[in-house]
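Colleague: Need coordinates for the following:
(2 chains)
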Amino acid sequence: MRLESFPRALLFLIFCVWTTGAATAFTISLSGSGNALLSAAEGYSAKAQLGGEAAVDVLIPATAWLGLGVSAGWLGAMPSDMNGGFGYRAYSGGFLGFVAEASAPIATWKNVGTLRGGGRLGGLANVAVYPNAGLAFFFPSLALDGFLRFTPAALPFLDIGVTLPLRVYFRRDFQFSGSAGLGMSIAVSTGRTP
Amino acid sequence: MRAASRAVAALFFLVILAGCSLNYTEPRKFAIVFGINTYPGNNLAYPVDDATDVTAILTANGFASGDVILRTETSATKTQLTTDLTSLAGVMSSDDLFVFYYSGHGVSYPYQGADHEWILPTGSVDAGGYLVAANAILDTELGTMLDVLPTKRRVVILDSCNSGGFMGSGLEADTVPPALYQHTAEAGRITPETIVKALQNYAAFSSAGAGGISPYKALVIAAAGADESSYEGGAPYNHGIATYYLLQAPARGDLNGDGVVTVLETFALMKAGIDQTWNSGYAKPYEVFAPHVSGGPIDLVLF
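Modeller: Have a look, this model is predicted:
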């Protein structure tokens, strides 16, 4: 599959899950976040970069509190500052991986909605490129997110959430690389009715 | 709850840190600049001008004149490069920047049964036009020669044919083919093969690199791919084509407006210039070429 056809394949996957949703409940969520990366290469001091992610997740509930699924999306980082004569390169790319999500109700307000809290654990495969350089590289990463989601009583199929995404990037050209961020998500679930 | 508070505090620390400027000492910058016009039976027109003008832009943009060594024609030999590197090693510190610029012939020629690329300083081609290997510089040899320097902040800029062969393997898969004219349509595209190559590089990663100069030893800008020629041209260039755009880097290279010109920005300017003028209008189809740059997560300030 060429990378250019990836968005179409993703849309087809979403369509398939959507149209067969009557058979099994599932959740599709769109999320976006901004983050701060901290990385250090051997022989160079640590520097920070600003970055971001956007993802589409499809989750199928395994139990009342646990969902399993796939996550795909875009990630990117801006270049670090160049103080001291060096910096870390910007990059952008895509990722695909598996996620597990656990959540539980924190509070319920009658006729208003329900607030849920939870966390996600995921393993992602990333392919990124350095802009202008024509160089592509691979690295796996670990996703560890916390979230709060509100489900309005009038729209029980809809979740609006705030996420705190943490990432550990297993890049072999860095001694360490990770990020923390703040994001938002919106999710639509089948199998829930008012 | 305490753990959650710590996580939130760490998050805010990172966000604040991302907007901070820490204090670093700006590095002292050194360079060795080589330009060779004269080869037995196969002279070039512009390398000496290239080297002279590169020296001028370096000394006008942060390199002290005493820290730039210009070697042209008979003084631009492999032995002299070794001597100059040893001399600089005695005065440089670990945070200093070193630049080696070379303009002259390059060639692809087997060595010990394997394909290799060479640059040809004075004395490396005999009167019959044959390679004198002992006086030439092999793709895997230049990185070793640079090891004498105490700094890891090294930049190698090669305006010569087949110079892409000096690019050592790293984590990255290069989407620009080694001969642009054979694979113009694929250049810069991420294909399944690219992803497979990137996965293989991740699995077999070594910071020592292979086949050239490791990106963790020096950042290389090569004027051309390993299997293609680079060119020089008369007016409006009057230089090596790649060098013509390198010379514009101090004035036009700050692509992101942060006040400095980095290796990647210089490369991007050179690549765009070659694509938009030489490759689009001046060159015959088989004369198109594309510069290459080293991988690795680091970018260095040139100007």
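
Colleague: so when I look at A:A9, I'm seeing a helix, right?
Modeller: Yes: counting by DSSP: H, G, I helix; E, B strand; the rest coil, A:A9 is located in a helix.

Colleague: what's the burial count for it?
Modeller: Neighbours of A:A9 under the rule other CB atoms under 10 Å in any protein chain shown: 12. For every residue, glycine as well, the C-beta is placed using N, CA and C.

Colleague: separation between it and A:A72?
Modeller: Distance, A:A9 to A:A72, using CB to CB, to the nearest Å: 9 Å.

Colleague: Now do the strand or helix carrying B:D84, average pLDDT.
Modeller: Per DSSP states H and E: B:D84 is located in helix B:78-89. On average, the pLDDT along helix B:78-89 is 98.

Colleague: Can you tell me the SS state at A:A25?
Modeller: The three-state assignment at A:A25 reads coil, by three-state DSSP.

Colleague: and it, how far is that from A:L158?
Modeller: 14 Å.

Colleague: check contacts around A:T151.
Modeller: By CB atoms under 8 Å, 6 or more residues apart in numbering or on different chains, A:T151 lies in contact with A:G113, A:T114, A:L115, A:R116, A:L158, A:D159.

Colleague: and the gap between the last one and chain B?
Modeller: This points to A:D159. Applying CB to the nearest CB, to the nearest Å, the value for A:D159 to chain B is 21 Å.

Colleague: Quick check: which ranges of the stretch 101-250 of chain B have low pLDDT?
Modeller: Under the criterion pLDDT under 70, the flagged ranges of the stretch 101-250 of chain B are B:184-186.

Colleague: whoops, chain A was the one
Modeller: A:1-6, A:13-24, A:191-194.

Colleague: hey, where'd the strands end up in it?
Modeller: A:27-40, A:47-61, A:66-77, A:86-88, A:91-109, A:113-130, A:135-152, A:158-169, A:176-189 (DSSP state E).

Colleague: Which members of the contacts of A:T151 come out as buried by neighbour count?
Modeller: A:G113, A:T114, A:R116, A:L158, A:D159 (16 or more other CB atoms under 10 Å in any protein chain shown).

Colleague: and stretch B:90-99, which residues are buried?
Modeller: Counting neighbours by 16+ other CB under 10 Å, the buried set in stretch B:90-99 is B:M92, B:D95, B:D96, B:L97, B:F98, B:V99.

Colleague: among those residues, which one has the lowest pLDDT?
Modeller: Lowest confidence among the buried residues of stretch B:90-99: B:D95, with 93.

Colleague: May I have the phi/psi pair for it?
Modeller: The phi/psi pair for B:D95 (degrees, to the nearest 10) reads phi -100, psi 0.

Colleague: for B:G273, same thing?
Modeller: Dihedral angles (degrees, to the nearest 10) for B:G273: phi -60, psi -50.

Colleague: distance between stretch B:197-213 and the chain's centre?
Modeller: Stretch B:197-213 sits 18 Å away from the centroid of its parent chain (CA atoms, centre = their mean, to the nearest Å).

Colleague: right, I mislabeled it, should have said stretch B:276-290
Modeller: Using CA atoms, centre = their mean, the offset of stretch B:276-290 from its chain centre is 20 Å.

Colleague: Same question for stretch A:174-190.
Modeller: With CA atoms, centre = their mean, you get 4 Å for stretch A:174-190.

Colleague: same thing with stretch B:51-71?
Modeller: Per CA atoms, centre = their mean, the centroid offset for stretch B:51-71 relative to its chain is 17 Å.

Colleague: try stretch B:244-251
Modeller: That offset, for stretch B:244-251, works out to 14 Å (CA atoms, centre = their mean).

Colleague: For that stretch, buried residues please.
Modeller: For stretch B:244-251, by 16+ other CB under 10 Å, it's B:Y244, B:Y245, B:L246, B:L247, B:A249, B:P250.

Colleague: Can you verify my assumption that the fifth one contacts B:T266?
Modeller: To tie it back to what came earlier, the one meant is B:A249. Yes: the criterion here is CB atoms under 8 Å, and B:A249 meets it with B:T266 at 4.4 Å.

Colleague: Look up the residues that both of those two are in contact with.
Modeller: Joint contacts of B:A249 and B:T266 (CB under 8 Å, 6+ apart) are B:L302, B:F303.

Colleague: Which helix or strand lies directly C-terminal to the helix holding B:D84?
Modeller: Counting by DSSP H and E, what follows helix B:78-89 is strand B:97-103.

Colleague: Which strands and helices lie in contact with that following strand?
Modeller: With contacts taken as 3 or more CB pairs under 8 Å, 6 or more residues apart in numbering or on different chains; DSSP states H and E, strand B:97-103 sits against strand B:29-35, helix B:47-59, helix B:139-146, strand B:154-159.

Colleague: looking at these, which is closest to chain A?
Modeller: Chain A sits nearest to strand B:29-35 of all the helices and strands packed on strand B:97-103, at 8.2 Å, using CB to the nearest CB.

Colleague: pull the CA atoms of that closest one into CSV?
Modeller: C-alpha atoms of strand B:29-35 as CSV (Å, rounded to 0.1, in the frame of the first residue of the first chain):
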residue,chain,number,x,y,z
LYS,B,29,34.4,27.9,14.3
PHE,B,30,37.3,26.4,12.2
ALA,B,31,37.5,25.4,8.6
ILE,B,32,39.8,23.7,6.0
VAL,B,33,38.9,24.7,2.5
PHE,B,34,40.2,22.7,-0.6
GLY,B,35,39.9,23.7,-4.2
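
Colleague: what is the orientation angle of it with strand B:97-103?
Modeller: 10 degrees (axes from the mean of the first three to the mean of the last three CA atoms, to 10 degrees).

Colleague: what about the helices in chain B?
Modeller: Along chain B, counting by DSSP state H, helices occupy B:2-18, B:47-59, B:78-89, B:139-146, B:192-203, B:241-246, B:249-252, B:263-273.

Colleague: Go through those and pick out the most buried.
Modeller: helix B:241-246 (a mean of 27; mean count of other CB atoms under 10 Å in any protein chain shown).
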